[in-house]
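Participant: Show me how the following folds:
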Amino acid sequence: MTSKRPSENEATLVQDDHAPISVDEAVARYPGEWMLLRVTARDQAGVPAGGVPVVHGPTRESVQQATLDALRARTDPAEEYYLFSGYRRVRSGEVWQVVLANAARGGGRVGKRKR
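Facilitator: Residues are numbered from 1 along each chain as shown. Okay, here's the model as predicted:
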C-alpha cells in the first residue's frame, strides 16, 4: 500500500491495489487517525466491517474534502462509505459470541469478504 503524507495536518489519499481490509486492520494501520473506507462488508448487526481505504488523516477536517470528492465521484449510488476515527471498536456480547463460535469452528474473521 502506498500512502505519502504531505504534512502532519493534511490527509493522505491511499493509492494501492484497492484490496479490502477489515475495520480493525484499518485501525491498526492508521491508529488514532480519521479514515474513509468504501464499504465492502458488514457484520451481523449491519455495521461496516471492512472496505477499501480511500483516505486517512490526523483530523476529521483533514479528510473532509477527500470524503466529499469520493461521494461526488461515485458512479453507483448504492456504493457506501464509512468515515470513522482510528480507535478499536467496542463489540457487544452477542458479536463476541459469534466471533468466538466462528473461531472455535476454525472459521475466518467476522466481516471477512467472501469470494
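
Participant: hey, let's count contacts and neighbours off CA atoms from now on
Facilitator: Fine.

Participant: got any ranges where the chain has weak pLDDT?
Facilitator: Counting by pLDDT under 70, the chain contains low-confidence ranges at 1-8, 16-17, 89-91, 107-115.

Participant: can we see that at 90?
Facilitator: 1-19, 43-47, 70, 77, 86-115 (pLDDT under 90).

Participant: All the helices of it, residue numbers only.
Facilitator: 23-29, 60-73, 93-104 (DSSP state H).

Participant: Okay, buried residues for the shortest one please.
Facilitator: Put plainly, it is helix 23-29. 23, 24, 26, 27 (16 or more other Cα atoms under 10 Å).

Participant: That helix - contacts with which helices or strands?
Facilitator: strand 48-57 (3 or more Cα pairs under 8 Å, 6 or more residues apart in numbering; DSSP states H and E).

Participant: Might you calculate how far the strand it packs on sits from the centre of the chain?
Facilitator: Using Cα atoms, centre = their mean, to the nearest Å, the mean C-alpha position of strand 48-57 is found 3 Å from that of the whole chain.

Participant: How about stretch 51-71?
Facilitator: 11 Å.

Participant: again, but for stretch 22-40
Facilitator: For stretch 22-40 - counting by Cα atoms, centre = their mean - the centre lies 4 Å from the chain centre.

Participant: Can I get it in PDB? Just the C-alpha atoms.
Facilitator: Taking C-alpha atoms only, stretch 22-40 is exported to PDB below (Å, rounded to 0.1, in the frame of the first residue of the first chain):
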ATOM      1  CA  SER A  22     -11.300  -5.100   7.900                       C
ATOM      2  CA  VAL A  23     -12.100  -2.000  10.000                       C
ATOM      3  CA  ASP A  24      -9.700  -3.500  12.700                       C
ATOM      4  CA  GLU A  25      -6.900  -3.700  10.100                       C
ATOM      5  CA  ALA A  26      -7.500  -0.100   9.100                       C
ATOM      6  CA  VAL A  27      -7.400   1.000  12.800                       C
ATOM      7  CA  ALA A  28      -4.100  -0.900  13.200                       C
ATOM      8  CA  ARG A  29      -2.700   0.600  10.000                       C
ATOM      9  CA  TYR A  30      -3.700   4.200  10.800                       C
ATOM     10  CA  PRO A  31      -4.000   4.400  14.700                       C
ATOM     11  CA  GLY A  32      -5.700   7.500  16.000                       C
ATOM     12  CA  GLU A  33      -6.400   8.900  12.500                       C
ATOM     13  CA  TRP A  34      -9.600   9.600  10.700                       C
ATOM     14  CA  MET A  35     -10.200   7.400   7.700                       C
ATOM     15  CA  LEU A  36     -12.700   6.800   4.900                       C
ATOM     16  CA  LEU A  37     -13.400   3.300   3.700                       C
ATOM     17  CA  ARG A  38     -15.500   2.300   0.700                       C
ATOM     18  CA  VAL A  39     -17.700  -0.400   2.400                       C
ATOM     19  CA  THR A  40     -17.400  -4.000   1.100                       C
END
